[in-house]
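Asker: below: sequence and its predicted model.
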Amino acid sequence: TPRTFVKGILPQFVLAFPAGALQFACYEWAKDRFADLQMVGAFPEVVCGAVGALGASVVRVPQEVLKQRVQADIYPNAIAGLRTVLTNEGPKGLYKGYFATISRDVPWNALSFMFFAQAKDVFKKVNGRTASNEENLALGALSGMTAAVIMTPVDVVKTRLMTGGATGGIVGTFNAIVKEEGAATLMKGVVPRCAFLAPLAALTLGLYDGFAKELVSRRIGVPVAELE
């Protein structure tokens, strides 16, 4: 039924705001640290993206735990799920699969930001100008999709751990999947994952870049078109 497609939307929607705020606050903090060291390029972008994801993980892991279990019909809704987890497992239950989640989100975030920065540089070298907001959306989608394909195996392992479909930790689950189901299983869900994360990255990276330039332009009085 159509309702199936919106399962788990409540924790996704409600917790997206604090998670996003933490991500970009930590990302900007890391950028400032690298700026103080006068370091630019791919390495700072990777680290800043990773720091942003780590900051957001405080909210994103509970968000994922509740969403995944509602989608798997373990709980009827997020509120019931939250009550059950806190009653049976305590607050630590909300962080089940934490390391599996950050082992997916941190690299994906880091790779997405790095690919986006590199894509913008390549675009500028090829076209002799900076990308427009619309073009940045396309570059962001391409960056997020590329990172999503690379990180799909980790997402499969993470999902198994969070939904209780596997035990033995990240390495144990990874080995069990390869041994019992074949390596191809690690790429299961890559198409819907890309279909979800490509537009997510386009909006996150593209809109962030656009708003950041607009804020800087107003603060220093330089037209957006003249900003790098």
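Answerer: That came in fine, so what should we check first? Numbers count the residues shown, from 1 in each chain.
Asker: tell me which element Val46 falls in.
Answerer: helix 42-71 (DSSP states H and E).
Asker: what packs against that helix?
Answerer: With contacts taken as 3 or more C-beta pairs under 8 Å, 6 or more residues apart in numbering; DSSP states H and E, helix 42-71 sits against helix 9-36, helix 78-88, helix 98-127, helix 133-162. Heads up, the C-betas are built off the backbone N, CA and C, glycines and all.
Asker: in TSV: those helices, plus distance to Val216, mean neighbour count and mean pLDDT.
Answerer: As requested, these are exported to TSV (distance: least, C-beta to C-beta, whole Å; neighbours: other C-beta atoms under 10 Å; pLDDT from 0 to 100):
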stretch	distance to Val216	mean neighbour count	mean pLDDT
helix 9-36	12	16	88
helix 78-88	37	15	90
helix 98-127	15	20	89
helix 133-162	14	21	89
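Asker: nearest to Ala53, of those?
Answerer: Evaluated with C-beta to C-beta, the helices and strands packed on helix 42-71 place helix 98-127 nearest to Ala53, the distance being 3.6 Å.
Asker: run through the neighbouring helices and strands of that closest one.
Answerer: Packed against helix 98-127 by the contact rule (3+ C-beta pairs under 8 Å, 6+ apart) you find helix 42-71, helix 133-162, helix 169-181, helix 190-220.
Asker: measure how it sits relative to helix 169-181, angle-wise.
Answerer: Relative orientation of helix 98-127 versus helix 169-181 (axes from the mean of the first three to the mean of the last three C-alpha atoms, to 10 degrees): 80 degrees.
Asker: how far off centre is helix 98-127?
Answerer: In terms of C-alpha atoms, centre = their mean, to the nearest Å, the centre of helix 98-127 is set 10 Å apart from its chain centre.
Asker: picking up where we left off before, which of the helices and strands packed on helix 42-71 sits closest to Leu54?
Answerer: Nearest of the helices and strands packed on helix 42-71 to Leu54, taken as C-beta to C-beta: helix 98-127 at 6.0 Å.
Asker: quick check: buried residues in the helix holding Val46?
Answerer: 44-57, 59-71 (16 or more other C-beta atoms under 10 Å).
Asker: what average pLDDT does that helix get?
Answerer: Average pLDDT, helix 42-71: 90.
Asker: how far off centre is that helix?
Answerer: Put simply, helix 42-71 sits 6 Å off its chain's centre (C-alpha atoms, centre = their mean).
Asker: kindly report the same for stretch 146-164.
Answerer: Worked out by C-alpha atoms, centre = their mean, stretch 146-164 lies 12 Å from the chain centre.
Asker: please renumber so the chain begins at 535
Answerer: Yes, from this point I'll number from 535; that puts the last item at stretch 680-698.
Asker: Provide the contact partners of that stretch at residue level.
Answerer: If you take C-beta atoms under 8 Å, 6 or more residues apart in numbering as the criterion, stretch 680-698 is touched by 598-599, 602-603, 606, 608, 630-631, 634-635, 637-638, 641-642, 645-646, 649, 699-701, 703-704, 707-708, 711, 719-724, 727-728, 731-732, 735.
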